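K.L.:
I need the structure of the sequence given here:
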Amino acid sequence: MNNLEGRLPDFVGFSGLEALDFARNNLNGSIDSELDGLVGLRSWNLSFNQFIGSVPTRLGKSKVLEELELSMNTFDGPIPAELVGYQNLTLLDLRGNRLSGSVPDGIKELAKLEVLILSANKVSGGIPQSISNITSFWRFAASSNNFNGSILMALQSIRKTWISIPPVLSPSLVRFRLGSNLLDGKITSTANATHQTLTYLEMENNNLTGSIPPELGDCQNLALLNLAQNHLSGALPVELGSLSHLQVLKLQFNNLSGGIPIQITQLPKLSILNISWNSLNGSIPHSVSNIQNLTNMNLQGNKLSDSIPTSIASMDSLMELQLGENHLSGDIPRMPMSLQIALNLSSNLFQGPIPETLSRFSNLEILDLSNNKFSGKIPDFFTGMKTLTQLLLSNNELSGEIPDFGSWVMVDTCGNKGLTNRTRRSTPPQTEKKEMYGRQTTSLVLYFNFHFFLSLFCYHPLPMVFSQLSSNQKSAMILLSNNLNTPTRVVSWDVNKEPNPCLWTGVRCNPPTNSSVIHISLSGYSLSSSDFLPLVCRIQSLQILDVSGNRLTTIPPGFILNCSKLGGLKLLNFSMNNLEGRLPYFVRFSGLEVLDFARNNLTGSIDSQLDGLVGLRSLNLSFNHFTGSVPTRIGKSKVLEELKLSMNTFDGPIPAELVGYQNLTLIDLSGNRLSGSIPDGIGELAKLEVLILSANGLSGRIPQSISNTTGLWRFAASSNNFNGSIPDGIAKHLKTLDLSFNSLSGSIPSDLLSSLNLHTLDLSNNRLEGQIPPFLSPSLVRLRLGSNSLDGKIPSTANATHQKLTYLEMENNNLTGPIPPELGDCQNLALLNLAQNHLSGALPVELGSLSHLQVLKLQFNNLSGRIPIQITQLPKLSILNISWNSLDGSIPPSVSNMQNLTNMNLQGNKLNGSIPASIAFMDSLMELQLGENHLSGDIPRMPMSLQIALNLSSNLFQGPIPETLSRLSNLEILDLSNNKFSGKIPDFFTGMKTLTQLLLSNNELSGEIPDFGSWVMVNTSGNEGVTNRTTKSSLPKSEKKGMSCAGKILVAIVSTVFVVFS
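P.N.:
As a prediction, this is how the structure comes out:
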C-alpha cells in the first residue's frame, strides 16, 4: 500500500527472508530471476500491481513457499505446471489476470493446498477431477472464466467437503447459489433447522417443482430468498413470515396459488417483494403497509381481487409498485409520494374518472392505467408531472382532447374511441428539458415488449352489451370450457353462471358488436394437458392466444395444422411452460406477427421452421436449449422488429444476414456461445433501439458504426473478449451502456460521461487507463468504473446537487488525491465504492449528508484522520467498510445510531481507545471487524445478532476472555488472536454450536484446551501455558440431531444435482 513504481528489485543475500509483500503498489514489468537469492521464502504477495508476462516460477531455491498471491495484475499465458513443484503451497491466488489455457491436472499433487483462486481470467477447458483428491482443500473460486464441460467433477469435490463431513458443519454455510441451471425435483424439507446461519439462498431459473418448504421459515438469518422462475406450486408458506432478517423475496414466475399470507407483511426489513406471475388470489392485505422498508413491490400477473388497501399511502419507501394483470377494482387510494420508477395498475377492473390523487407524483417516470374502464377526460395535471416518460392509457373509455404533452413523454391512448388529438409541441420548453435530463429510466425495458404488443393490437373497450356471438362460436367456446374445467375447475369459465363468453375472464370479443371472439388468455392456470389446444382453432376469428405460465409439455400436431388456417391469428404466446423437443414448423400462419416460446425446454437447431411466417414482427425464443447457429430465416418479408434469443447455446458468429432485417428495434443474443466480431453493418439498422450481446465469447473491437444508430438507447456487451479502445461518440444517443468484463484498453473518451442522455454506464473490469473525464452528465444514475487502471483524481461534482447519481463505483484503480467533499451533494447516492485505490486525506464530513446511502466501501486506501461523527448519522447504511487505511482516534459512540448496519469493517487502521458500550444496541449487525488497531479496555456486550464474524485480533486487549461473549449463539468466526488475553479458555465456547473458527493464538492463555467438536478449527499457538486435552472423534447424539437448514437443503440439492448429471 505505497506508490512504488518501476520493476521489482533483485533480492540478493536475503538468506533469512520468509515473507515479502509488495501488494498494492504501481510496480510493473515481468518477473524472472529477481527472487533467486531467497532460499527460505514462505509468503509472497505481489497482488494489485501492473506486472506483465508469464506467472513467475522461480520463487526461492528451496521451494518452501506456502502462500503465493499474484492477483489483479496482467500476467498472461497458461498456469505454469512448474508451480506443482512447490509442495508446501497452501494458498494460490491468481485471479484478475489474463491467464489462458487449462488448469494443470498436476494440481492434485499439492497435498497441502487449502485455497485456490483463479477467478476473472480466461482459463478454459474442464475443471480437473483431481481437485477432489486434495483433502485440505476448503476454498475454490474460478468464476468469470471460459470453463466448459460437465460440472460433475467439481461436484465430486463438493461431495467430499460438504456431504461426508459431520452434519453440524452445515451451519457454516452462509451463501448458497444454484441459479440458472437445469436442476429439477423438489426443494427438500429442512425440519429442525432453527440454529443454522444460511443468509443467501438463490435457486432461481431452474426446473424445480413441488411446494416451497414451510421449514424455510426456520432459517432465521435468511436475508435473500430467490426461488423465481421455477415450477413451484402450492401456497405461500405462512412460516416465511418468521424470517425477520429477510430483505429480498423473489418468487416470481412460478405456479403459486392461494392468498398472500398476512405473516409475509410482518417482515420488518423486507425491501424487495416480487411474487408476480403466479396464480395468487384474494385481496392485498391491509397490513402490507407494515413493511416500511419496502422499495419495490411486484404483485403483477396474479388473480388478486377487491380494492387496493388505503394503508398503502403510508409506505414512504416505496419506489415501484406493480399491480397490473389482476382483478382489482374499487377506488384508487392515495399512493405514496415516494413512487418514482413505476406505478402499474393496468389490466384490472378500475372504472370512473382518473383520480386527482395521482397528481401528487412529482418524481414518477412510468404510469400505466391501460386496459381498465377509466372514463372522462385525461386530466391536465399529467402535463405537470415533469419526470413522466411513459403514460399508458390505452383500452379505457376516455374521451375529450388529449392534453399537450412534451415530446419526451410516450403517451399511448389507443382503444379510447372518444379521444381526439390536439396539436402537440415538437420540443419541450427549456425548463422542461433540464428536468428531463435528470430522470432515471431503468424500468423502460420492462415495458418495452408489452407496449410493442399494444402497438400491434389496439382494441376499443368492451361495451356491456348482450353477446351476439354466432351459434358456432358460442358452441366452440362452451366445448373449450368443458374441456378445461376438470373436477378441480381450474378455469373459471361457466356458461351456467355467465352465459356470455365475451365476459369470461381472459376472453375478449370484437367491439362494439361482440360478434366474435378475438382474444383468449389462459395464462397462469397451471394447465398440464394440451388436449384443449386443437379446440381453440375452431374459433375462426381468433387473433390472440396466450397460454403462457402453464405446465404444457407438448403441442398437439392438430393445433399446428388447424390453427395455421386462421388468417387473423396475430399472436401466439407459449412462454413459461415445460415444452420439450424441437421448435414446430410454422406453415401458412400468414397473419402471425408475434411468436413467444421463451422459458421452455426446447432443443435442437433452427433452420426453416419459421419460413412460412411472412409477417412476423416479434420472435422470443429466450431461455431454452437451442443449438447451432443464430437463425436468419425469420419470416420471408423481413419485417421483424424484435429478436430475442438469449440464454440458449447458439454458437458461431453473429450472422451478417441480420442486417437485412431493417425494421429491427431489439436484438437480444445474450447468454449464448457466440464468437467472432460484431458485424460492422450493425450500424445500418437505423431503427435499432436495444442491442444486447452480453455473456458470449465475442471478440475484436466495438464497431464505430454503432454510434450512427440514432435510436439506439441500450447497448450491452459485457462478459465477452472485446479489445481495443472505446469508440468516440458511442454514447451520444445511449441511455444505458454496459461494456464490463472485457479487455478494452486506452482511455475513456472525453465525451462519454457527459452525454445528456446517458443514465447507466458500466465499464468495470477492463484495462482502461488514464484519468476520468471531468464532466459527469446530470442524468447519470449508475456509474461503474471499477477494476481498471484509471489514475488521477476523482472529478469534483460541484454544481451537481440536482443530479440523480445513485450508484458510484470506482474501486480497484490507481486513483489518488482526496475524496471530493462535493460527493455529499449527490443526495440520491445509495452505493459509494472507492475501495482499493490510493486515495488520501480525511473522510469528508459531507458524506454524512447522504441520507439514502446504504453501502460505503473505502477500504484499502491511504485515508487518515478520525471517523467523522456525521458518518454515523447515515440512517440507511447497511455496509460500512473503511478498513486498511490510516484512520486514528476512537470509534464514535454514536456509531450505534446506524440501526440498519449489518456489516462494519474498521480493521487495519490506527484506532485507539475502547470499543463503545453503545455497540450492544446495534441489533442488525452480523459482522464486526475491528482487528489490526490499537484498541484496549474492556470488551463490551456485543449484539446478539452477530453471526458471520467478530474480529478483535491484533489489538491491546488483556485480562480474562469476557463471559459476555457466550451470548453470541449464532457466531461462526471469533478471532481474539494477537492480544494479551490471560487465564483459561472458557468452556462456554464449546456450547456455541455454530462456531467454526476460534482463533486465540499469541495471547497469554493457560490451562487445558476445552473439548471442541471436530468441525471447529481452534488455533491456540503462541500461548505457552496452554495444554491439549484428548479430543472426541465423533459428535454427541444431541449434536447429530440438530442438522441445520443449510445442511439439509445442501445435501438435498447436491443429491438432486447428482441425479441430474448421472
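
K.L.:
Any figure for the gap between Asn1003 and Ile915?
P.N.:
According to C-beta to C-beta, to the nearest Å, Asn1003 and Ile915 sit 18 Å apart. Backbone N, C-alpha and C define where each C-beta goes, glycine included.

K.L.:
Likewise for Leu877?
P.N.:
19 Å.

K.L.:
same deal with Leu887?
P.N.:
Taken as C-beta to C-beta, the span from Leu887 to Ile915 is 15 Å.

K.L.:
Between these two, point out the one with more neighbours.
P.N.:
Ile915 (25 against 22; other C-beta atoms under 10 Å).

K.L.:
for this protein, what helix or strand is lowest in average pLDDT?
P.N.:
Least confident helix or strand, the chain: helix 430-437 with a mean of 30, by mean pLDDT, DSSP states H and E.

K.L.:
Isn't Asp531 up against Pro556?
P.N.:
Yes: here Asp531 reaches Pro556: they are 7.2 Å apart, a contact under C-beta atoms under 8 Å.

K.L.:
And this structure, split by domain according to the record?
P.N.:
Here the domain parsing of the chain from automatic domain parsing is 1-164, 759-805+807-948, 957-1031.

K.L.:
chain center to the longest one: distance?
P.N.:
What it means is domain 759-805+807-948. 22 Å (C-alpha atoms, centre = their mean, to the nearest Å).

K.L.:
What average pLDDT does it get?
P.N.:
Throughout domain 759-805+807-948, pLDDT has a mean value of 92.

K.L.:
again with stretch 405-424
P.N.:
Here stretch 405-424 scores 74 as its mean pLDDT.

K.L.:
ranges for the helices of this structure?
P.N.:
152-158, 430-437, 444-456, 471-484, 533-536, 557-563, 1037-1041, 1045-1061 (DSSP state H).

K.L.:
about what we covered before: deepest-packed of the domains of the chain, please.
P.N.:
domain 759-805+807-948 (a mean of 19; mean count of other C-beta atoms under 10 Å).

K.L.:
Could you list the buried residues of stretch 549-557?
P.N.:
Going by neighbour count (16 or more other C-beta atoms under 10 Å), the buried part of stretch 549-557 is Gly549, Asn550, Arg551, Leu552, Ile555.

K.L.:
Most widely separated two among the residues you listed?
P.N.:
The largest distance within the buried residues of stretch 549-557, taken as C-beta to C-beta, falls between Gly549 and Ile555 and amounts to 15.7 Å.

K.L.:
If we ignore the residues flanking it in sequence, what's nearest Ala476?
P.N.:
Using C-beta to C-beta, 6 or more residues apart in numbering and skipping residues adjacent in sequence, the residue nearest Ala476 is Arg538, 4.2 Å away.

K.L.:
contacting residues around the one you found?
P.N.:
Asn472, Ala476, Leu479, Leu480, Asn562 (C-beta atoms under 8 Å, 6 or more residues apart in numbering).

K.L.:
and those, which are buried?
P.N.:
Buried, going by 16+ other C-beta under 10 Å: Ala476, Leu480, Asn562, out of those.

K.L.:
ok, the second one touching Phe532?
P.N.:
Same thing as Leu480. Yes: judged on C-beta under 8 Å, Leu480 makes contact with Phe532 at a distance of 6.1 Å.

K.L.:
so for stretch 512-531, what's the average pLDDT?
P.N.:
The average pLDDT within stretch 512-531 is 87.

K.L.:
First-to-last residue distance for it?
P.N.:
32 Å (C-alpha to C-alpha, to the nearest Å).

K.L.:
Buried residues, it. List them.
P.N.:
Going by neighbour count (16+ other C-beta under 10 Å), the buried part of stretch 512-531 is 514-527, 530.

K.L.:
now do stretch 675-690
P.N.:
For stretch 675-690, the neighbour count (16+ other C-beta under 10 Å) marks Ser675, Ile678, Pro679, Ile682, Gly683, Leu685, Leu688, Glu689, Val690 as buried.

K.L.:
Look up how far Asn708 lies from the fifth one.
P.N.:
The one in question is Gly683. From Gly683 to Asn708 the distance is 5 Å (C-beta to C-beta).

K.L.:
Next: the third one.
P.N.:
Applying C-beta to C-beta, the value for Pro679 to Asn708 is 14 Å.

K.L.:
Over to the second one?
P.N.:
Relative to Asn708, Ile678 is positioned 13 Å away (criterion: C-beta to C-beta).

K.L.:
between these two, what contacts are shared?
P.N.:
By C-beta under 8 Å, 6+ apart, no residue touches both Ile678 and Asn708.

K.L.:
Out of the buried residues of stretch 675-690, give me the two with the largest separation.
P.N.:
Taking C-beta to C-beta as the measure, the buried residues of stretch 675-690 span a maximum distance of 25.4 Å, between Ser675 and Glu689.

K.L.:
Report the contact partners of Met477.
P.N.:
Shown in contact with Met477 (C-beta under 8 Å, 6+ apart): Leu469, Trp493, Pro501, Trp504, Val507, Val517, Ile539.

K.L.:
ok, now how distant is it from Val495?
P.N.:
Using C-beta to C-beta, one obtains 8 Å as the distance from Met477 to Val495.

K.L.:
go on, Ser233?
P.N.:
Following C-beta to C-beta, the distance that separates Ser233 from Val495 is 28 Å.

K.L.:
Settle it for me: which of these two has more neighbours?
P.N.:
Between Ser233 and Val495, Ser233 has the larger neighbour count (other C-beta under 10 Å), namely 17 against 14.

K.L.:
Number of residues surrounding the closest residue to that one other than its chain neighbours?
P.N.:
In space, and not counting its chain neighbours, Ser233 is closest to Asn255: 4.4 Å by C-beta to C-beta, 6+ apart. Asn255: 21 surrounding residues under other C-beta under 10 Å.

K.L.:
now the one 4 residues further on
P.N.:
Gly259 is flanked by 14 other residues according to other C-beta under 10 Å.

K.L.:
just checking, it touches Asn278?
P.N.:
No: Gly259 lies out of contact with Asn278 (C-beta under 8 Å); the separation is 11.4 Å.

K.L.:
Quickly note the distance from Asn396 to Asn371.
P.N.:
In terms of C-beta to C-beta, Asn396 sits 8 Å off from Asn371.

K.L.:
Equivalent analysis for Arg508, please.
P.N.:
10 Å.

K.L.:
again with Gln836
P.N.:
According to C-beta to C-beta, Gln836 stands 50 Å off from Asn371.

K.L.:
Repeat that for Asn812.
P.N.:
Remark: distance between Asn812 and Asn371 (C-beta to C-beta) = 47 Å.

K.L.:
got it, and Asn145?
P.N.:
46 Å.

K.L.:
How about Lys793?
P.N.:
Relative to Asn371, Lys793 is positioned 52 Å away (criterion: C-beta to C-beta).
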